[in-house]
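Engineer: predicted model and sequence follow; I will ask about them next.
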Amino acid sequence: MSIKKILVSQPRPTSEKSPYFDLEKKYGVEIVFRPFIKVEGLSSKEFRQSKINVPDYTAIILTARTAIDHFFRLCKELRYNVPDTLKYFCVSETIAHYLQKYVVYRKRKIFYSESGLMEGLIPIIAKHNKETYLMPVSDVHNDKAVVLDNNKVKYVKAVMYRTVSNDFTPDEPFDYDMLVFFSPAGIKSYTTNFPDYKERKVVIAAMGNTTLEAADKAGLHVDITISPETPSMASAIEHYLKKVQPVEVES
């Protein structure tokens, strides 16, 4: 089938050099960026129900910028002044640098994994085994904590935000020829918003083992996914478009 309009269930890229924009020009398709899910923070009242007392912890394990945002938001709502002595252990350098939004970077004890993986934090945490660790997470999260468990790191998970469906309004047009998914939550949101999803004739693109499993359980046929030959979603989509429609030629 010819593809005219594609929904990518992620926020719009901040860089105009995104390969998705190249696909629009090359194949004459319209790409709309609209997440099927969104993140909302727990209120201070909800967080208190967890019985976690943030001042009891001397170190924070951070795996995402969202975790940083909601940690400092909740601390503010709880009227807890984050001490200068708090230590930050980040899963990547990018996440560590994001802390500059909230703290004076050079004056804080900030550590990060050189590899960008949780495994890279283990030797660093081992050198600070006297700390009490708190790990802000979402109610639905990729369990990076398995690495901590396997290495017997003592820590506590603190749910500070949740993933919810970003529902479509009744008057919001849904005239897409292709849907692109990146998480099981996105699949769930789609099937919830559109109970007749099995009858809809749309091309499905999905990446990630858990996303593919969710699609299979929902009875969705996945037409496009990544592979060694097409390692990114944009390249996988282009591989499909090459087969079904011609390249747009600029006049």
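Structural biologist: That came through, no problem.

Engineer: in the helix or strand of the chain with the lowest mean pLDDT, what counts as buried?
Structural biologist: Averaged element by element with mean pLDDT, DSSP states H and E, the chain has its least confident helix or strand at helix 145-150 (a mean of 88). By 16 or more other Cβ atoms under 10 Å, the buried positions in helix 145-150 come out as 145, 147, 148. To be clear about C-beta, it is placed using only N, CA and C from the backbone, and glycine gets the same treatment.

Engineer: thought residue 123 was touching the second one, still the case?
Structural biologist: When you say that, I think you mean residue 147. No - judged on Cβ atoms under 8 Å, residue 147 makes no contact with residue 123 at a distance of 11.9 Å.

Engineer: just the buried residues of whichever strand or helix holds residue 213, please?
Structural biologist: Using DSSP states H and E, residue 213 sits within helix 209-217. Neighbour-count burial for helix 209-217 flags 211, 212, 214, 215 (criterion: 16+ other Cβ under 10 Å).

Engineer: wait, which of those residues is closest to residue 81?
Structural biologist: Closest approach between the buried residues of helix 209-217 and residue 81, by Cβ to Cβ: residue 211, at 40.2 Å.

Engineer: report the separation between that closest one and residue 233.
Structural biologist: Using Cβ to Cβ, to the nearest Å, residue 211 is found at 11 Å from residue 233.

Engineer: my read: residue 31 touches residue 23, true?
Structural biologist: Yes - between residue 31 and residue 23 there is a contact at 6.7 Å, judged by Cβ under 8 Å.

Engineer: quick one: contacts for residue 52?
Structural biologist: Listed by Cβ atoms under 8 Å, 6 or more residues apart in numbering, the contact partners of residue 52 are 134, 156, 158.

Engineer: buried subset of those?
Structural biologist: 134, 158.

Engineer: narrow the contacts of residue 52 to those in strands?
Structural biologist: 134, 156, 158 (DSSP state E).

Engineer: who touches residue 189 in this structure?
Structural biologist: By Cβ under 8 Å, 6+ apart, the neighbours of residue 189 are 36, 37, 165, 166, 167.

Engineer: and the pLDDT at the first one?
Structural biologist: It stands for residue 36. If you check residue 36, the pLDDT there is 89.

Engineer: if I look at it, how far off is residue 88?
Structural biologist: As judged by Cβ to Cβ, residue 36 and residue 88 stand 31 Å apart.

Engineer: so those two - more neighbours on which side?
Structural biologist: More neighbours surround residue 36 than the other of residue 36 and residue 88, with 25 against 20 (other Cβ atoms under 10 Å).

Engineer: does that one touch residue 192 like I think?
Structural biologist: No - between residue 36 and residue 192 there is no contact, the gap being 9.4 Å when judged by Cβ under 8 Å.

Engineer: now do the shared contacts for those two.
Structural biologist: Common neighbours of residue 36 and residue 192 (Cβ under 8 Å, 6+ apart) are residue 165.

Engineer: for the helix holding residue 213, what is the distance to the chain centroid?
Structural biologist: Taking the mean of its C-alpha atoms, helix 209-217 sits 16 Å from the chain's own mean (Cα atoms, centre = their mean, to the nearest Å).
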